[in-house]
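Engineer: I would like the atomic coordinates for the input below:
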Amino acid sequence: MEKVVVIAGPTASGKTELAINLAKQVSGEIISADSMQIYKCMDIGTAKPSKEEMQGIPHHMLDVVSPEDAFSVAAYKEKADVIIRNILDKNKLPIVTGGTGLYINSLIYNIKFSETVCDEEFREKMNRVAAAEGQKKLHEMLEKVDPVSAGRIHCNNVKKVIRALEVYEFTKKPISLHQEESRMEPPPYDYLIFILDMDRDVLYQRIDARVDYMVANGLIEEVKSLKEMGYNEKLTSMQGLGYKEIFRYLDNKISYEDAINIIKRDTRHYAKRQITWFKAIPKATWLTAGKGNIEKNTKIIKDQLET
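Structural biologist: Okay, here's the model as predicted:
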């Protein structure tokens, strides 16, 4: 079975550096698994690798859609599947790299997505319920029909709660059951999964330093530019870490210092959730992250590729 490498891990753990180093040594191409790097005009806040950082290695699934466009995990899988096949047909190694768990799971579990259930009227109705009675009311509705999904989806994630309710409303089957059934067909490739691990305090220091670097290198100017282009913080794309906070600062809703501190705090929280997510992936090889371990980790991956 053809092999595909997956390099996952929390934000700021050094996934891109490791992926590029590996790609240079094994004739690989990189496929981003980052739900924010798919957007055009959003480079600094998404930590999108520059041309120099790419070192000539082809990168895919970057700058796929404009910030106002909708983009689903189903769309990601559809596009990524085609790219993986094309890379393999060139006798090169596909290296999926990123921290968006949903994107990674869609590939390694070969999840099949049904796009048949879509009712804007129902979604609007549920949004009105959330506005009038609160997000908790929606979550309680989900608990009654799909307790499994309710346990997985946070009360504050209104979009996903509504999606789960929508699927049940029109199929009379919980979305959790749809997801289980969709995983019955095994993936077409042998996914070798590597997850970067790092001391939590060191990771948090790296996150804080990355935020400071982003700000120093034009994050605020990038958000100003997006605002001038007509984008607003209500867009899904602008809900990404670093964007919604700077939007609020620019709109004089919070101070500059508060914006930066909130970005750092929420990014640390996000990294913690990523780690929890990745711990649930079976048969993954955990690697100790850090610049000093790049060559060592590259060798570990190469050794597994040869077995």
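Engineer: low-confidence stretches in the stretch 51-200 of the chain?
Structural biologist: Applying pLDDT under 70 to the stretch 51-200 of the chain flags the ranges 113-117, 182-184.
Engineer: mind running it again at 90?
Structural biologist: Within the stretch 51-200 of the chain, the segments meeting pLDDT under 90 span 70-75, 102, 111-124, 149, 152, 154-160, 163-164, 166-186.
Engineer: what segments of it are strands?
Structural biologist: For the stretch 51-200 of the chain, applying DSSP state E, counting those that start in this stretch gives strands covering 59-60, 93-98, 190-197.
Engineer: note down every partner strand of the first one and its orientation.
Structural biologist: By that I understand strand 59-60. Partners of strand 59-60 in the sheet, by DSSP bridges, are strand 28-32 (parallel).
Engineer: can you pull the buried residues of the helix or strand containing Thr298?
Structural biologist: For Thr298, the element it lies in under DSSP states H and E is helix 294-306. For helix 294-306, a neighbour-count test (16 or more other CB atoms under 10 Å) marks Ile294, Asn297, Thr298, Ile301 as buried. Where C-beta positions appear, they are placed from N, C-alpha and C, glycine not excepted.
Engineer: for Leu250, find the nearest of the strands of the stretch 51-200 of the chain.
Structural biologist: Leu250 lies closest, by CB to CB, to one member of these: strand 93-98, at 28.1 Å.
Engineer: by contact count, what packs against the closest one?
Structural biologist: For strand 93-98, the elements it packs on are strand 3-8, helix 15-26, strand 28-32, helix 73-89, helix 101-108, judged by 3 or more CB pairs under 8 Å, 6 or more residues apart in numbering; DSSP states H and E.
Engineer: how far away is Ala209 from Pro67?
Structural biologist: As judged by CB to CB, to the nearest Å, Ala209 and Pro67 stand 26 Å apart.
Engineer: what about those two, which has more around it?
Structural biologist: Between Ala209 and Pro67, counting by other CB atoms under 10 Å, Pro67 is the more crowded of the two (20 against 12).
Engineer: can you give me the helices in the stretch 51-200 of the chain?
Structural biologist: For the stretch 51-200 of the chain, applying DSSP state H, counting those that start in this stretch gives helices covering 51-54, 73-89, 101-108, 120-133, 135-145, 147-152, 158-171, 175-182, 200-216.
Engineer: what residues are up against Asn110?
Structural biologist: Neighbouring residues of Asn110 by CB atoms under 8 Å, 6 or more residues apart in numbering: Arg183, Glu185, Pro186, Pro187, Pro188.
Engineer: so how far is Gln304 from the closest residue to the second one other than its chain neighbours?
Structural biologist: What sits nearest to Glu185 in space, not counting adjacent residues and going by CB to CB, 6 or more residues apart in numbering, is Asn110, at 5.7 Å. Between Asn110 and Gln304 the distance is 20 Å, computed by CB to CB.
Engineer: and Glu124, by the same measure?
Structural biologist: Distance from Glu124 to Gln304, by CB to CB: 49 Å.
Engineer: now swap in Thr46 and tell me
Structural biologist: 29 Å.
Engineer: same question, Gln239
Structural biologist: As judged by CB to CB, Gln239 and Gln304 stand 36 Å apart.
Engineer: just the buried positions in stretch 24-40, please.
Structural biologist: For stretch 24-40, a neighbour-count test (16+ other CB under 10 Å) marks 26, 28-39 as buried.
Engineer: which one of these is nearest to Val145?
Structural biologist: Distance to Val145, by CB to CB, is smallest for Ser35 among these, at 26.9 Å.
Engineer: now do the contacts for Glu162.
Structural biologist: Heads up, residue 162 is Ile, not Glu. Contacts for Ile162 (CB under 8 Å, 6+ apart) come out as Arg123, Met126, Asn127, Ala130, Leu138.
Engineer: spatially nearest residue to the third one (excluding sequence neighbours)?
Structural biologist: Spelled out, that is Asn127. Ile162 (7.0 Å).
Engineer: relative to Lys234, how far out is the one you found?
Structural biologist: From Ile162 across to Lys234, the span is 16 Å (CB to CB).
Engineer: same thing with Asp146?
Structural biologist: Distance from Asp146 to Lys234, counting by CB to CB: 27 Å.
Engineer: ok, these two, which is more surrounded?
Structural biologist: For Asp146 versus Lys234, the count of surrounding residues by other CB under 10 Å is larger for Asp146: 22 against 9.
Engineer: okay but the more buried one is in contact with Ser176, surely?
Structural biologist: Yes - counting by CB atoms under 8 Å, Ser176 is a contact partner of Asp146 at 5.7 Å.
Engineer: fine, thanks again, bye for now.
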